[in-house]
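Q: here is my input; please provide its structure:
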Amino acid sequence: MRCCQFLLTKILKAQHPDYETWLTGPHGTAGVSCADCHMPYQKQNGKKVSSHWWTSPLKDPELHACRTCHSDKTPEHLRAQEESVRSHEAVRLANEYTGEKNANYDALMAEARKMVRKGQFFWDMVSAENSIGFHNPARTLDALMSSMDYSQRAVALCLEATNGGITAGVTGDIIKLVPPIKEHSRKLQQDPEHLKSHKWLTYLPLLPKADPVWDGNKRIK
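A: Numbers count the residues shown, from 1 in each chain. Model prediction:
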């Protein structure tokens, strides 16, 4: 669960910004085409041909496509998701906080929601872009740092708005504080008992029972 409608925070969705990220990155600038990485050369019957299995070069444990130019490199997965989730949780807790609040509570919360929106969007720019940053490492790192900065500012604003009253709820490993981000699925959302298992899940509607259509990338019906 990366985005929660109950926060009343308008969220932007990046729709697969792969091309834009590649175009402004070192690979696009250098004239490296999509096929160079996604359809690398291979030997077939003693001949050099382009692979016709279009896939991510990072799925190749030997990184054959990458090491044509980057013989000394290995892939690295970058993430800012946890801080974005923490900021969502901070807003949720601050929304429902009943203790003594800051005199500027409303203004602080309005600003916190803006920070959540910005933090989530910069993270989503990387998450929705399928190269995990490889197309444009510099731009990706900048987006991730911006995401973390905005998300952390959102948490700080929520703490100020509640005079520190929600500190325990947003301090520590966010995966342990908000476990449904690892466990939730559309199938589980069809189970009323599952929706009772965590506070976050109680905000979600119960989905009607339905048989799965896909198993991974294989259509089963």
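Q: ok, L108 touching E160?
A: Yes - between L108 and E160 there is a contact at 5.6 Å, judged by C-beta atoms under 8 Å. Glycine gets a C-beta too; all of them are placed from N, C-alpha and C.
Q: shared neighbours, those two?
A: Counting by C-beta atoms under 8 Å, 6 or more residues apart in numbering, the contacts common to L108 and E160 are N102.
Q: of these two, who's got more company?
A: Neighbour count, other C-beta atoms under 10 Å: between L108 and E160, L108 has more, with 20 against 17.
Q: disregarding residues adjacent in the polypeptide, which is nearest to that one?
A: Among residues not flanking L108 along the chain, A161 sits closest, at 3.9 Å (C-beta to C-beta, 6 or more residues apart in numbering).
Q: so that neighbour versus A94, what's the distance?
A: 5 Å (C-beta to C-beta, to the nearest Å).
Q: look up how far V170 lies from the residue nearest to L108.
A: The spacing between A161 and V170, counted by C-beta to C-beta, is 12 Å.
Q: compare these two (neighbour count), which wins?
A: A161 (27 against 22).
Q: for the more buried one, which residues are in contact?
A: A161 touches 94, 97, 101-102, 104-105, 108-109, 112, counting by C-beta under 8 Å, 6+ apart.
Q: pLDDT value on it, please?
A: In this model, A161 is scored at 98, pLDDT.
Q: same check, this time on the one 4 residues further on
A: Listed pLDDT for G165 reads 97.
Q: anything in contact with each of A161 and A94?
A: Contacts common to A161 and A94, judged by C-beta under 8 Å, 6+ apart, are 109, 112.
Q: so the residue nearest to H135 when sequence neighbours are not counted, which state does it fall into?
A: Spatial nearest neighbour of H135, chain neighbours left out: W22 (4.0 Å); criterion: C-beta to C-beta, 6+ apart. Secondary structure for W22, judged by DSSP: H, G, I helix; E, B strand; the rest coil, is helix.
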